[in-house]
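Trainee: Here is a sequence with its predicted model. Questions after.
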Amino acid sequence: MKYVEGEMDKRIFEMHAGICTIFSNPKRLEIIDLLRDGEKSVNELSSLMEIPQANLSQHLSLMRQRGILETRRDGVNIYYSIANPKVIKAFEIMREVLLEQLSMHEKMFKKIKSA
């Protein structure tokens with residue numbers, strides 16, 4: 001039984017690492033941020049992000065493969081949305097951690113500067 005649990009843990013770690021690669025790219029983080037309030041079409045995302053649609057499509061495809069995004073087709077338009085609201089929660093928690101770290105670094109910098 002312990003072996004099965006260990007193998008499951010390894011699989012979960014691999015899946016976790018795969019999801020974390022999504023969070024390692026600023027453009028993909030921007031996509032998550034833009035989709036927090038609901039679905040958007042590829043054209044909307046491309047316009048908001050000011051990147052070529054071909055580049056955007058690569059990011060969207062990877063995020064869909066990893067289960068971060070889901071799609072809906074309406075005629076010729078494809079709409080993307082966050083597949084699981086917990087992704088947004090994870091995104092927001094990481095952002096809070098980073099803001100706390102930034103604040104701490106700024107305080108340290110001010111102390112050093114005033115010394």
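Mentor: Right, received. Where do you want to start?

Trainee: Tell me, how many residues neighbour Ser46?
Mentor: 18 (other Cβ atoms under 10 Å). All C-beta spots, glycine's among them, are computed from the backbone N, C-alpha and C.

Trainee: Could you report the distance from it to Leu60?
Mentor: Separation of Ser46 from Leu60 (Cβ to Cβ, to the nearest Å): 10 Å.

Trainee: Ok, Arg11 next?
Mentor: Distance from Arg11 to Leu60, by Cβ to Cβ: 26 Å.

Trainee: ok, which stretches of the chain are helices?
Mentor: Assigned by DSSP state H, the helices in the chain fall at 2-22, 26-35, 42-49, 53-65, 85-114.

Trainee: Can you spell out which helices and strands pack onto the last one?
Mentor: Think helix 85-114. helix 26-35 (3 or more Cβ pairs under 8 Å, 6 or more residues apart in numbering; DSSP states H and E).

Trainee: before we move on, the earlier item: more neighbours: Arg11 and Leu60, which one.
Mentor: Applying other Cβ under 10 Å to Arg11 and Leu60 shows that Leu60 carries more neighbours, namely 21 against 10.

Trainee: Could you verify my assumption that the more buried one touches Glu70?
Mentor: No. Contact criterion Cβ atoms under 8 Å: Leu60 and Glu70 do not qualify, at 10.8 Å.

Trainee: okay, and the common contacts of these two?
Mentor: Tyr80 (Cβ atoms under 8 Å, 6 or more residues apart in numbering).
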